[in-house]
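Novice: model this:
(one chain, ligands or ions: 1)
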Amino acid sequence: MLLIGSAPGFARRYAFRARLFFRRNSLKLYYSNGACSLSPHIVLREAGLPFDLVRASTKTHALDDGTDYYTINPKGSVPLLELDNGERLSEGPAIVQYIADQVPAKNLAPANGTFARARLQEWLNFITSELHKGYSPLFNPKTPDEYKTIARENLAKRYAYVESQLAGKQYTMGDTFSVADAYLFTVSTWAKHVGVDLSGLPNVQAFMARMSARPAVIAALTAEGLIKAAA
Ligand SMILES: N[C@@H](CCC(=O)N[C@@H](CS)C(=O)NCC(=O)O)C(=O)O
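Specialist: Sure thing, here's the model as predicted:
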């Protein structure tokens, strides 16, 4: 007779599978399709960490189930990362660094305390304050057209800097992907929607193409409905 396994062994295996099936992921990312939350979404996938996505509308500030998002994040903005102990972390640059530090072997950010980490933070700060917030007036229907022109000019100057910095490099930090690239990619996907012309910037174009080919990026874009799943 072929002995498949003892009853206690079977029970143990069943309990393990049940735990896997019913387990909630320990990280929850509040996001809005195509918003700046795409950056930590990409980083979670690059990190290979299990997570749940919870959609929060940036217009109505409600979750899909009707929950008032302000009760979860008083700032009302995405992204927001929730840990299984209930801690919540807002601000994209802080979130992506936290995620990177959970998986040091993935090399998504240089080690804390190094000059390279400060360089990464220099990028994240530039992207958040000069690019990300440079785009914001272009999405606001109340912004006068004259100011939109100024906002586009400002972004053109900032992108000229990015273009120069990407010369001879694959990514912002050199030849390896870092969390700053997820953020730069995310904000740059907005250009075509708000009349910011990046077509004359070959290094930026090559960067966008390189990023678009990364499996984690494809998976995040697909999950947010920004590209169609391959047939
Ligand atoms: N300082 C925040 C800004 C986040 C932000 O601007 N989020 C936008 C989407 S890209 C948003 O949620 N807007 C709606 C709102 O603030 O009410 C960060 O860097 O994470």
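Novice: in which helix or strand does the residue most central in space within the chain reside?
Specialist: The centre of the chain sits closest to Ser39, judged by C-alpha atoms, centre = their mean, with a distance of 1.5 Å. Using DSSP states H and E, Ser39 falls within helix 38-47.
Novice: give the next helix or strand downstream of that helix.
Specialist: Using DSSP H and E, the helix or strand that follows helix 38-47 in sequence is strand 51-55.
Novice: quick revisit: who does the helix holding Ser39 touch, helix- and strand-wise?
Specialist: strand 27-31, helix 92-102, helix 179-188, helix 215-223 (3 or more C-beta pairs under 8 Å, 6 or more residues apart in numbering; DSSP states H and E). The C-beta positions use only the backbone N, C-alpha and C, and glycine is treated the same way.
Novice: now tabulate these in CSV and tack on distance to Lys169 and mean pLDDT.
Specialist: As requested, the helices and strands packed on helix 38-47 are exported to CSV (distance: least, C-beta to C-beta, whole Å; pLDDT from 0 to 100):
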stretch, distance to Lys169, mean pLDDT
strand 27-31, 28, 98
helix 92-102, 19, 98
helix 179-188, 10, 99
helix 215-223, 18, 98
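Novice: isn't Glu82 up against Leu27?
Specialist: Yes - with contact defined as C-beta atoms under 8 Å, Glu82 counts as touching Leu27 (7.2 Å).
Novice: where does Thr114 land on pLDDT?
Specialist: Model confidence at Thr114, expressed as pLDDT, equals 98.
Novice: number of residues surrounding it?
Specialist: Residue crowding around Thr114 was assessed by other C-beta atoms under 10 Å; the count is 11.
Novice: how about Phe207?
Specialist: Other residues lying near Phe207 total 23 when counted by other C-beta under 10 Å.
Novice: do the same with Leu38
Specialist: By other C-beta under 10 Å, the residues close to Leu38 number 28.
Novice: repeat for Leu221
Specialist: When neighbours are defined as other C-beta under 10 Å, Leu221 has 21 of them.
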